[in-house]
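Student: The sequence isn't on hand, but the structure is:
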């Protein structure tokens, strides 16, 4: 094991330019012990084939990203979303990870009703939580930065995510703590403690905050150490809350994606060891 | 007075394509009773000349935008910022408005210390509050959307703004309630009530939330009614908190700025009357 990488997991999206076999090979070469996988590339490669690939390499699958998008009002859309989330649970189980990350969904077209959208997420979790439990999978509600509240995720803070999660057993529903989304929030440290006390920190992800944000604001996450987030401070909060699991680095960044994938993975591992190892 | 416009104030930035005399003329023509002014165009036209222009037209100056940028650590920069804010107070008094909006400032280059930056704002307010009071001006801390936390304003929520404001008398320091910045926050209605109970709602501004956000995210505010914000709901919170003052519409939007300024003002007045009048 490379020094400082014991808890490191590379989220597949960070180095999406690497095909799965190359990603697995690079992880073995660099001593990266964990990967967070995404459904689309896993489906393209094949779920069972991916499971075998990572298992044979001795890699731990720390999460599957992602389920969610549970805010539709249309009955047909809701049924389709629930069916898709059950498939995501099945895939997580097949891959050997116990955690499915949920991005809850934005406002339906024309709607201004954040509260109603959040309640529809709770309704969906009541159906999906037991299904996930039956498959040995925990759902991890991810609060996304408030700049995504209308079009991607009406759950904007850890407090909101926990208010939802608390309606269900912790082994069914918990939260994703991601520095990129919560770093600005002075109430987040107390919410991390709340989540930890309930055993609801199901995954911890890192990304740095850099500006200017690109158009659409989705693909502007900064490499660890390049931005405004004090990674060691946030790791301290999560550690103090009793979380001992893997720490994923999940970056969406067009500039990083244009680089050589293996070199980017090596840089990311080194940054992790420096700032959070 | 045009129906539904009794509390309407047009923030100058919304129609920045209109030179001051044209803005004032268009307000008179449309029955717009108030304007929120910006320092740069006012300085360019002349502070005293602007004061005479709006006074002669019978327009109320509802706010001056903006002071602030109080987070520097460098002693020279801090002194310059304080001096500039005193000039802003002087200008507000000369224009006949009792409210100076403050955008607090972001993190200094290389800093990751949000807490320290917020404390430096408090230090600055301790100097500026009494100066403003002496000139009949109230400072209105504006929480900006968390997407601006690193580069523009470390005060991201109404709760944070009130935590700062409460250290000072309400007639020195209060808050700006702007729908664009707080619409996603389910704790904001309770904070509006808190602000109202203390007499700290010094101004209320409207803008709608639309996506996709443009590069840099500054100039993507939506026309009233075009986005995700339920204006009447937020007006209800502010009304219930006892605020009876003007309601400004403040939009930053490249597409709107490319249009004819008078037509845009007429549209904005009509949208105000429909959604908040």
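Tutor: That came through, no problem. This is a predicted model, so every value here is computed, not measured.
Student: Next to chain B, which bits of chain A? Give me the list.
Tutor: Contact residues, chain A versus chain B (CB under 8 Å from any CB of the partner chain): A:107, A:111-115, A:118, A:145-147, A:149-151, A:156-157, A:159-160, A:183-187, A:209, A:211-217, A:227-230, A:233. C-beta coordinates here come from the backbone N, C-alpha and C atoms, glycine included.
Student: Would you state the strands of the stretch 51-200 of chain A in chain order?
Tutor: A:60-68, A:99-103, A:138-141, A:173-178 (DSSP state E, counting those that start in this stretch).
Student: Quick one: distance of the longest one to the chain centre.
Tutor: Which is strand A:60-68. 7 Å (CA atoms, centre = their mean, to the nearest Å).
Student: Can you tell me what sits against it?
Tutor: Here strand A:60-68 makes contact (CB atoms under 8 Å, 6 or more residues apart in numbering or on different chains) with A:9, A:11-13, A:33-39, A:42, A:54, A:84-85, A:88-89, A:91-92, A:95-97, A:99-105, A:128, A:139-140, A:142, A:153, A:176, A:203, A:245-246, A:248, A:250.
Student: So residue A:269 sits against residue A:29, correct?
Tutor: No - contact criterion CB atoms under 8 Å: residue A:269 and residue A:29 do not qualify, at 10.4 Å.
Student: Who has more neighbours out of those two?
Tutor: Legend: neighbour count by other CB atoms under 10 Å in any protein chain shown for residue A:269 and residue A:29, higher for residue A:269 (23 against 11).
Student: Once you drop chain neighbours, what's closest to that one?
Tutor: Spatial nearest neighbour of residue A:269, chain neighbours left out: residue A:30 (5.4 Å); criterion: CB to CB, 6 or more residues apart in numbering or on different chains.
Student: again with residue A:70
Tutor: residue A:124 (3.9 Å).
Student: Sketch out the low-pLDDT regions of the stretch 1-150 of chain A for me.
Tutor: The stretch 1-150 of chain A contains residues with pLDDT under 70 at A:1.
Student: Please, where are all the helices along it?
Tutor: A:20-30, A:39-45, A:47-56, A:75-95, A:114-134 (DSSP state H, counting those that start in this stretch).
Student: Summarise which helices and strands the shortest one is packed against.
Tutor: In terms of contact count using 3 or more CB pairs under 8 Å, 6 or more residues apart in numbering or on different chains; DSSP states H and E, helix A:39-45 is assigned the packing partners helix A:20-30, strand A:60-68, helix A:75-95.
Student: let's see it at 10 Å
Tutor: Packing contacts for helix A:39-45, counted by 3 or more CB pairs under 10 Å, 6 or more residues apart in numbering or on different chains; DSSP states H and E, involve helix A:20-30, helix A:47-56, strand A:60-68, helix A:75-95.
Student: could you dump those to JSON lines with distance to residue B:169?
Tutor: Shown next, in JSON lines, are the helices and strands packed on helix A:39-45 (distance: least, CB to CB, whole Å):
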{"stretch": "helix A:20-30", "distance to residue B:169": "59"}
{"stretch": "helix A:47-56", "distance to residue B:169": "62"}
{"stretch": "strand A:60-68", "distance to residue B:169": "46"}
{"stretch": "helix A:75-95", "distance to residue B:169": "52"}
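Student: closest one to residue B:256 among the strands of the stretch 51-200 of chain A?
Tutor: strand A:99-103 (31.1 Å; CB to CB).
Student: Which residue lies nearest the spatial centre of chain A?
Tutor: residue A:101 (5.0 Å; CA atoms, centre = their mean).
Student: That one contacts residue A:143, doesn't it?
Tutor: No - at 11.4 Å, residue A:101 does not count as touching residue A:143 under the criterion of CB atoms under 10 Å.
Student: and of the strands of the stretch 51-200 of chain A, who's closest to residue A:262?
Tutor: strand A:60-68 (20.1 Å).
Student: buried subset of the contacts of strand A:60-68?
Tutor: Among these, those buried by neighbour count (16 or more other CB atoms under 10 Å in any protein chain shown) are A:9, A:11-13, A:33-39, A:42, A:54, A:85, A:88-89, A:91-92, A:95, A:97, A:99-105, A:128, A:139-140, A:142, A:153, A:176, A:203, A:245-246, A:248, A:250.
Student: tell me the contacts of residue A:33?
Tutor: A:1-2, A:5-10, A:27, A:58-60, A:62, A:246 (CB atoms under 10 Å, 6 or more residues apart in numbering or on different chains).
Student: again with residue A:19
Tutor: Residue A:19 neighbours (CB under 10 Å, 6+ apart): A:25, A:41, A:44-45, A:261.
Student: can you check residue A:218 too?
Tutor: By CB under 10 Å, 6+ apart, the neighbours of residue A:218 are A:147-148, A:151-152, A:252-254, B:212-213.
Student: isn't residue A:71 right next to residue A:109, touching?
Tutor: No - the criterion here is CB under 10 Å, and residue A:71 misses it with residue A:109 at 11.1 Å.
Student: between those two, which one's more packed in?
Tutor: residue A:71 (26 against 6).
Student: If we ignore the residues flanking it in sequence, what's nearest that one?
Tutor: Closest to residue A:71 by CB to CB, 6+ apart is residue A:105, at 3.7 Å.
Student: correct me, but the one you found touches residue A:155?
Tutor: Yes - judged on CB under 10 Å, residue A:105 makes contact with residue A:155 at a distance of 8.9 Å.
Student: what sits in contact with each of these two?
Tutor: In contact with both residue A:105 and residue A:155: A:68, A:71, A:117, A:121, using CB under 10 Å, 6+ apart.
Student: Now list the buried members of the residues you listed.
Tutor: Buried among these (16+ other CB under 10 Å): A:68, A:71, A:117, A:121.
Student: what sits against the last one?
Tutor: For residue A:121, the contacting residues are A:68-71, A:102, A:104-105, A:128, A:141, A:153-155, A:160-161, A:164, by CB under 10 Å, 6+ apart.
Student: How much space separates it from chain B?
Tutor: 13 Å (CB to the nearest CB, to the nearest Å).
Student: Ok, the second one next?
Tutor: In this view, residue A:71 and chain B are 12 Å apart by CB to the nearest CB.
Student: Now that residue: phi and psi?
Tutor: phi -100, psi 0 (degrees, to the nearest 10).
Student: what's the spacing between residue A:124 and chain B?
Tutor: 19 Å.
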